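Student: structure for this input, please:
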Amino acid sequence: MKSSCSYWVSGCMDKKAKNYSAKAEIGKVSDCSYWVRGCTNSKARNFNKKADKDDGSCLFWVLGCTDKKATNFDKKATKDNGTCKFVVPVITSTKAKCWLSAVAGCFHPETSATRTK
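Tutor: Modelled structure (predicted):
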C-alpha cells in the first residue's frame, strides 16, 4: 500500500543566509543563520574573530619610523618599529662642548669623558 502523503521541505528560505536551501518550501526566520562580515585575516590589525565572511576591510600594519621629527620618518608607516633616527644638536656652553648621544649621554670630545643622562 502506497502512502498518498506528501511532505513540505523545511529549511531556510532567505537567499542572504549562509544556510539558504533552494529546496525549502516552508521555514521560519530562526531556521536561518547569517554571515558575520568583517576582516577574517588574523594578521590584520582589525581582525574580527567573530567574522566568518571576509568583506575586504582588512588593514595591515606598515612598520617604520612614525616620528615626524626623525630623519627617516616614513609617512606610510602605521606602527613604529623603533628605527627612528634623529639629528642630535651640538650643545655649546662656556665650560665645555658636548655631543649628545641618545645612547651614551653627553660625550666631551676633548677629554673623552662621558656623562650619562
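
Student: spatially central, which residue of this protein would that be?
Tutor: In the chain, the centroid-proximal residue (CA atoms, centre = their mean) is Arg45; its distance is 1.4 Å.

Student: quick one, phi psi at it?
Tutor: Main-chain torsions, Arg45, degrees, to the nearest 10: phi -70, psi -20.

Student: isn't it up against Trp61?
Tutor: Yes. In this structure, Arg45 is within contact of Trp61 by CB atoms under 8 Å, at 5.5 Å. Using the backbone N, CA and C atoms, a C-beta is placed for each residue, glycine as well.

Student: which neighbours do these two share?
Tutor: Contact criterion CB atoms under 8 Å, 6 or more residues apart in numbering; residues shared by Arg45 and Trp61: Thr78, Lys79.

Student: from Tyr34, how far off is Cys12?
Tutor: 10 Å (CB to CB, to the nearest Å).

Student: now Asp80
Tutor: On the measure of CB to CB, Asp80 and Tyr34 end up 39 Å apart.

Student: try Glu25
Tutor: Distance from Glu25 to Tyr34, by CB to CB: 21 Å.

Student: try Lys69
Tutor: On the measure of CB to CB, Lys69 and Tyr34 end up 48 Å apart.

Student: again, but for Asp74
Tutor: Counting by CB to CB - Asp74 and Tyr34 are separated by 40 Å.

Student: of those two, which one has the most company?
Tutor: The neighbour comparison of Asp74 against Tyr34 (other CB atoms under 10 Å) goes to Asp74, with 17 against 13.

Student: so that one is in contact with Asp80, correct?
Tutor: No. With contact defined as CB under 8 Å, Asp74 does not count as touching Asp80 (9.5 Å).

Student: joint contacts of those two?
Tutor: Gly64, Cys65, Thr66.

Student: out of these, who has the most neighbours?
Tutor: Going by other CB under 10 Å, Cys65 tops the shared contacts of Asp74 and Asp80 with 20 neighbours.
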